[in-house]
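Chemist: give me a 3D structure for the following:
(one chain, ligands or ions: 1)
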Amino acid sequence: MRKGAAAEVLSGWSHRHVIDLAAFSLADYTTVLELAQRFRAMPVAGARRLPALQGRLMTSLFFEPSTRTRSSFELAARRLSADVQSFSPSSSSLSKGESLLDTARTYVAMGTNVLVVRHRCAGVPHTLARDLDRCGERVAVLNAGDGLHSHPSQGLLDLFTLARHFAPEHPSPAALRGRRVVIVGDVLHSRVARSNLWALTACGASVVLCGPPTLLPAGFASFVDAPPPGQLQDPVAERGTITIHRSLEEALPGADAVMTLRLQKERMHQHLLTSLDSYHRHYGLNHQRLALCGRPVPVLHPGPVNRGVELAGELLDDPRHNLVEEQVRNGIPIRMALLYLLAAGEGLKAA
Ligand code: NCD
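Modeler: Predicted coordinates:
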């Protein structure tokens with residue numbers, strides 16, 4: 001990318017860290033989607049790498065398992081010519097009693113510019129970013145999923161995937177305005193759903209949540225009504241609506257897209273479901289149910305999928321509906337955009 005064009009993209013960007021999409025304005029979504037679209041259009045074969053982040057170092061600190069997110073961040077960093085380093089908690093000095101902050105500072109001392117953090121407890125990336133700022137460290141923290149709280153890069157890649165589906169040439173937030181997006185499943189345990197609620201309502205979509213009361217408490221209808229604790233105001237002037245339906249038969253008619261969520265069995269400490277069979281009978285998506293939308297609509301899932309539980313195998317394998325692989329593909333340019341915005345900013349300002 002030309003330096004002038006890059007400076008233009010960066011001029012409106014004010015985030016030092018990316019922790020929660022609740023802090024994103026419409027302009028932020030536009031910036032990320034525009035950049036991702038440019039990165040997505042660049043050939044992967046041939047030259048392969050853009051020099052944008054040459055000399056920068058991304059370190060991934062993953063305290064929870066991950067197949068997609070971690071490899072996608074690492075690939076994104078490499079495509080921008082950054083160096084990549086990753087940390088495994090079990091073989092690290094954390095097991096000898098070193099604090100997380102001291103571990104992070106060790107990586108900063110090695111030259112890390114961006115720390116990509118995943119943790120099973122909500123709030124860890126936020127606290128780490130705050131403590132590193134207090135210590136005067138110049139490093140950006142990117143939340144790769146914290147407990148039930150937030151998964152901003154997934155929310156953004158879902159938004160990008162939907163925007164590209166509705167407006168392939170100009171995938172901007174406007175592509176979502178007035179669209180009915182149904183999110184079905186384990187909303188309670190899903191950081192992906194929470195990030196999608198901020199992103200989709202910011203773009204003016206009408207979000208319909210669907211699930212049993214044990215996995216979808218009624219309070220989710222007012223999820224975006226107030227900014228989260230610690231944030232003074234909502235950066236988005238007017239948001240789309242959130243409604244709750246308990247049955248797919250009510251939720252699906254008129255839908256423009258359906259997003260299914262994994263049942264997060266590892267986070268369910270009570271018997272919230274009588275059986276997986278019964279869940280699939282009531283909330284599993286298949287061709288017959290999808291027909292209730294009244295038109296062909298795309299189906300998303302953040303992965304990993306419990307095949308035959310959230311989604312019938314035949315639907316998961318049907319390329320006419322399934323955007324699951326497209327989500328994975330779009331994750332790379334979205335993460336390139338985020339890394340670029342966080343890591344290139346300092347360099348350009350200094351230049
Ligand atoms: C999600 C996660 O880890 O929150 N997966 C992902 O990042 N693609 C969703 C999930 O685990 O169900």
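Chemist: use CA for all of it now, contacts and neighbours both
Modeler: OK.
Chemist: I'd say residue 170 and residue 164 touch.
Modeler: Yes: look at residue 170 against residue 164 with CA atoms under 8 Å: they come within range, at 7.3 Å.
Chemist: and those two? which has more neighbours close in?
Modeler: Between residue 170 and residue 164, counting by other CA atoms under 10 Å, residue 164 is the more crowded of the two (20 against 14).
Chemist: can you tell me the helix or strand for the more buried one?
Modeler: helix 152-166 (DSSP states H and E).
Chemist: packing partners of that helix?
Modeler: strand 140-146, helix 191-202, helix 324-350 (3 or more CA pairs under 8 Å, 6 or more residues apart in numbering; DSSP states H and E).
Chemist: and the closest residue to the ligand within the stretch 151-300 of the chain, what does it touch?
Modeler: Proximity to the ligand, evaluated over the stretch 151-300 of the chain using CA to the nearest ligand atom, is greatest for residue 262 at 4.5 Å. Residues near residue 262 by CA atoms under 8 Å, 6 or more residues apart in numbering: 185-186, 301-306, 310.
Chemist: among those residues, which ones are in helices?
Modeler: Using DSSP state H to define helices, no part of those is located there.
Chemist: wait, residue 224 sits on residue 197?
Modeler: Yes: using CA under 8 Å, residue 224 is in contact with residue 197, at 7.3 Å.
Chemist: who has more neighbours out of the two?
Modeler: Between residue 224 and residue 197, counted using other CA under 10 Å, the more crowded position is residue 197 (27 against 19).
Chemist: what's near enough to touch that one?
Modeler: So residue 197 contacts 207, 223-224 (CA under 8 Å, 6+ apart).
Chemist: would you list every one of the strands in the stretch 251-351 of the chain?
Modeler: For the stretch 251-351 of the chain, the strands defined by DSSP state E, counting those that start in this stretch occupy 257-260, 299-300.
Chemist: could you identify which of those is most buried?
Modeler: Looking across the strands of the stretch 251-351 of the chain with neighbours counted as mean count of other CA atoms under 10 Å, the highest average goes to strand 299-300: a mean of 24.
Chemist: hmm, back to that, possible to save the strands of the stretch 251-351 of the chain as CSV with mean pLDDT and distance to the ligand?
Modeler: Compiled in CSV, the strands of the stretch 251-351 of the chain are given as follows (pLDDT from 0 to 100; distance: least, CA to the nearest ligand atom, whole Å):
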stretch, mean pLDDT, distance to the ligand
strand 257-260, 98, 10
strand 299-300, 98, 11
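Chemist: how much space between residue 69 and residue 302?
Modeler: 10 Å (CA to CA, to the nearest Å).
Chemist: which among the contacts of residue 262 end up buried?
Modeler: For the contacts of residue 262, a neighbour count by 16 or more other CA atoms under 10 Å gives the buried set as 185-186, 301-302, 305, 310.
Chemist: report the entries of these that also contact the ligand.
Modeler: Counting by CA under 6 Å from any ligand atom, residue 302 from these sit close to the ligand.
Chemist: can I get the buried ones among the contacts of residue 262 in a markdown table including pLDDT?
Modeler: What follows is the buried ones among the contacts of residue 262, written out as a markdown table (pLDDT from 0 to 100):
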| residue | pLDDT |
| --- | --- |
| 185 | 96 |
| 186 | 94 |
| 301 | 97 |
| 302 | 96 |
| 305 | 93 |
| 310 | 93 |
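Chemist: out of the buried ones among the contacts of residue 262, the closest to residue 51 would be?
Modeler: The closest of those to residue 51 turns out to be residue 302 (CA to CA; 29.7 Å).
Chemist: now do the strands in the stretch 1-150 of the chain.
Modeler: Using DSSP E, counting those that start in this stretch, the strands assigned to the stretch 1-150 of the chain run over residues 57-62, 83-87, 114-119, 140-146.
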